[in-house]
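Visitor: with the input below, show me the fold.
(chains A and B)
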Protein chains: 2
Amino acid sequence: MLSVKTPEEVLALIESEFDNLGKTELVSLYAAMGRVLAEDIMAEEYVPDFDRSTVDGYAVRAKDTFGCSDAIPAILSLAGEVLMGEGAEFKLEKETCCAVPTGGAVPEGADSVVMIEYTEDYGDGTIGIMKSAAPGMNMIFRGDDVFPGKLVLKKGRVLSSQDIGALAAMGKMEVPVAKRLHVGIISTGDELVPPEEKPAAGQIRDVNSPMLQAMLMGFGCEVTNYGIGKDDEALLTSMVERAFDECDAVLISGGSSVGVKDATCRIIEKLGTLLLHGIAMKPGKPTLMGKAQGKPIVGLPGHPVAAYFVTKLFVLPLLSRLEGRDMQRYAVKARLTESVGANHGRAQYQSVRLERREGVLYASPIRSKSGLITNLAGAEGWFCIERDCEGLAKDAEIEVFTEQEA
Amino acid sequence: MLSVKTPEEVLALIESEFDNLGKTELVSLYAAMGRVLAEDIMAEEYVPDFDRSTVDGYAVRAKDTFGCSDAIPAILSLAGEVLMGEGAEFKLEKETCCAVPTGGAVPEGADSVVMIEYTEDYGDGTIGIMKSAAPGMNMIFRGDDVFPGKLVLKKGRVLSSQDIGALAAMGKMEVPVAKRLHVGIISTGDELVPPEEKPAAGQIRDVNSPMLQAMLMGFGCEVTNYGIGKDDEALLTSMVERAFDECDAVLISGGSSVGVKDATCRIIEKLGTLLLHGIAMKPGKPTLMGKAQGKPIVGLPGHPVAAYFVTKLFVLPLLSRLEGRDMQRYAVKARLTESVGANHGRAQYQSVRLERREGVLYASPIRSKSGLITNLAGAEGWFCIERDCEGLAKDAEIEVFTEQEA
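Guide: Numbers count the residues shown, from 1 in each chain, chains lettered A, B, ... in the order given. Have a look, this model is predicted:
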């Protein structure tokens, strides 16, 4: 018999039991935003590919300007002008200079650029330089940014807009990424009707399918919603088998009744191995996890708030493992607006609303008597009260995980 | 002549000059994730629509159980059983009870539910109750969660998976959202070639178009990339006019040369009003902003790092204003791994890499000599050194805005 595991043990279990499925594809640079990079990206070229000026001014040989000043300018012959977007086709000789725009190519022979503010054009083919240049001043040299073989982006990274910019700079028009995981969702429960139906007496709408579909699609998965499975083991078995054939991972939510829970266990054991039977967390205890042919099957609690936390906390890390994603989650510090009790020996997860007042971020726990909507709607984040903590007082500083954007 | 404005002044300018375009549409619940809610959502029904049990047990009249215990159980006649997903079609009479599953309907007349653990089925049609019930115990009443007219979600909110769950619970299959903004992007610069081309001498690849396109698409916009405009005022004017006709907002990036900058100013003034000529920030100073027919035209700096920060800091809030988005951005606290100087009287923005060591989050500034790729690739967030700050020491606690997910 499998025992109930702590959240840390569940994460360790995921780490040890599951691995990168290794399914990758090439996508266009323009479609790579938010995708999971499947290979390390090394530079293949020098960037920039030529020596560039970082200012508008005159390219010089630094030596020719040593000791010059406002009072005693160095007088250099104007050897030419580099136009934006064109190469510098000549070599700068001794005691000459060359006009270059910001970003323009610096000709061979020059080793620095003097800003236009420190020069004077005498109009007779000579330029006065009022400030001595040090070699390298106001220049970027070929390969200063990157050079062939330099590691630019690490495998597993979720590509940001800045990364897309870096890939564009290198001319990387096709990007190797992890294929989107295909996740199947099944809701179970004789009391459930699809959200578009008006519930009859004793029925409620299926909340988990649309909520989980939204969360998984937001995470970058393809989702197939297999609908609602009634409390019938044969029917449920065929639904799960079909989903398991078609998908990389299957989530079965609901089945709070002992009958369905047991059926889900038996279905998992028929397909493969049951790995987990309960997590020491609140809400979310009645969670099952199994594995068959390297793919996970997760039995989520029926209550949407519990299903939400189990999916955020364990299913997303599990999916990250399958696609080789380096999943990062950062917490913001906030102050609790009221005390929250906890003394049941389980990690407790609580949704909050966030509000900034006079520069301080306040977190208000969303309380409700097992309410669905009031517990879900309008939450801006959540925090955890650890297992061995007996609750948190008003004004306690907590770490909140937010639904952040941009 | 317009003066350079501080970041706070620019945000205030956006607030006062731009308003919600008011373009909305109805989308399916299944497509509403991440969209901006265009109307307050009020409940139209009671949820739940019937009194429900939160446990497996027996529905009772609390009064009938007063004073009972393990030693002296209250003996109640079993009047029936409520099945999951069905209504409770009878009324519970005095000194009777009724079996109900978790989530099942509680029959009229009952006011509480005793968990099965505290009962015994004598098998003769009677049930022993070992624990006295208080009215309301283990029950959720009709409308406890929401009732008609209750405000559930506020206009402007970016819909999260939990919000989708709440909407599903209410049967809200079509959701009023702000239409995706259509943003046009133009890059300018004679030195630029499209990223798919190999740059010739003196040329570099256009980084801003793909980077900005990725950022804006990630933010939920539709983007048209109008390509690269050469430094030719007539050509640029016709590109901007076309983009302005077709889009809700236009971004012109580049034109670091004085010629293009001036041309962009003139184009904005021809179409409407120039509102801003320079922001006191580093990088990002050479930023223009104008307005025509309520739509913005922004002239972004050519350097990708500067264009990135100006877009994150000002263009996304501006777009939020146009679509009525309640944009929230939260910072995480991190410790600087090295000192960062700043003493130029401008707010300074700096990209960082983040790393957690022994429970502490460390931020390493990404330094490079005006490098493109090394400054962009692999950043996990950014922070600001305020205008009046002379730099930050190693180990200083900073507030980092992250590229967060999930």
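Visitor: most distant residue from the middle of chain A?
Guide: Within chain A, residue A:124 marks the point farthest from the mean C-alpha position, 58.6 Å out by CA atoms, centre = their mean.
Visitor: can I assume it sits in a strand?
Guide: No: applying DSSP: H, G, I helix; E, B strand; the rest coil, one finds residue A:124 to be coil, outside a strand.
Visitor: for the residue nearest to residue A:149 when sequence neighbours are not counted, give the beta-bridge partners.
Guide: Distances taken as CB to CB, 6 or more residues apart in numbering or on different chains place residue A:42 nearest to residue A:149, at 5.6 Å, with adjacent residues excluded. The way it works is simple: take the backbone N, C-alpha and C, and place the C-beta from them, glycine included. When bridges are called by DSSP bridges, residue A:42 pairs up with residue A:151.
Visitor: I'd guessed residue A:42 sits against residue A:152; true?
Guide: Yes: because the distance of 6.6 Å satisfies CB atoms under 8 Å, residue A:42 is recorded as touching residue A:152.
Visitor: neighbour count winner among those two?
Guide: Between residue A:42 and residue A:152, counting by other CB atoms under 10 Å in any protein chain shown, residue A:152 is the more crowded of the two (23 against 14).
Visitor: give me the phi and psi angles of residue A:301.
Guide: phi -60, psi 160 (degrees, to the nearest 10).
Visitor: verify the contact between it and residue A:310 for me.
Guide: Yes: counting by CB under 8 Å, residue A:301 touches residue A:310, with 6.4 Å between them.
Visitor: circling back to that earlier point, the residue farthest from the centre of chain A and residue A:288: what is the separation?
Guide: According to CB to CB, to the nearest Å, residue A:124 stands 88 Å off from residue A:288.
Visitor: pretty sure residue A:363 belongs to a strand, no?
Guide: Yes: using three-state DSSP, the assignment for residue A:363 is a strand.
Visitor: tell me which element residue A:262 falls in.
Guide: helix A:258-271 (DSSP states H and E).
Visitor: pull out the buried positions in that helix.
Guide: Residues A:260-261, A:263-265, A:267-268, A:271 are the ones in helix A:258-271 that count as buried (16 or more other CB atoms under 10 Å in any protein chain shown).
Visitor: again with stretch A:201-215
Guide: For stretch A:201-215, using 16+ other CB under 10 Å, the buried residues are A:202-215.
Visitor: report the beta-bridge partners for the closest residue to residue A:350 other than its chain neighbours.
Guide: The shortest distance from residue A:350 to any non-neighbouring residue, by CB to CB, 6+ apart, is to residue A:365 (5.2 Å). Bridge pairing for residue A:365 (DSSP bridges) gives the partners residue A:352.
Visitor: identify the bridge partners of the residue nearest the centre of chain A.
Guide: Using CA atoms, centre = their mean, the residue of chain A that lies closest to the mean C-alpha position is residue A:158, 4.6 Å off. Under the criterion DSSP bridges, residue A:158 forms beta bridges with residue A:36.
Visitor: hmm, back to that, show me what the next helix or strand along the chain from the helix holding residue A:262 pairs with in its sheet, parallel or antiparallel.
Guide: Next along the chain after helix A:258-271, taking DSSP H and E as the criterion, comes strand A:273-277. Applying DSSP bridges to the sheet, strand A:273-277 is found paired with strand A:288-292 (antiparallel).
Visitor: buried residues in the strand it pairs with?
Guide: A:288-291.
Visitor: any common contacting residues for residue A:301 and residue A:310?
Guide: With contacts defined as CB atoms under 8 Å, 6 or more residues apart in numbering or on different chains, the residues shared by residue A:301 and residue A:310 are A:284, A:287.
Visitor: the two - which one has more neighbours?
Guide: More neighbours surround residue A:310 than the other of residue A:301 and residue A:310, with 27 against 24 (other CB under 10 Å).
Visitor: hang on, isn't that one packed against residue A:302?
Guide: No: using CB under 8 Å, residue A:310 makes no contact with residue A:302, being 11.1 Å away.
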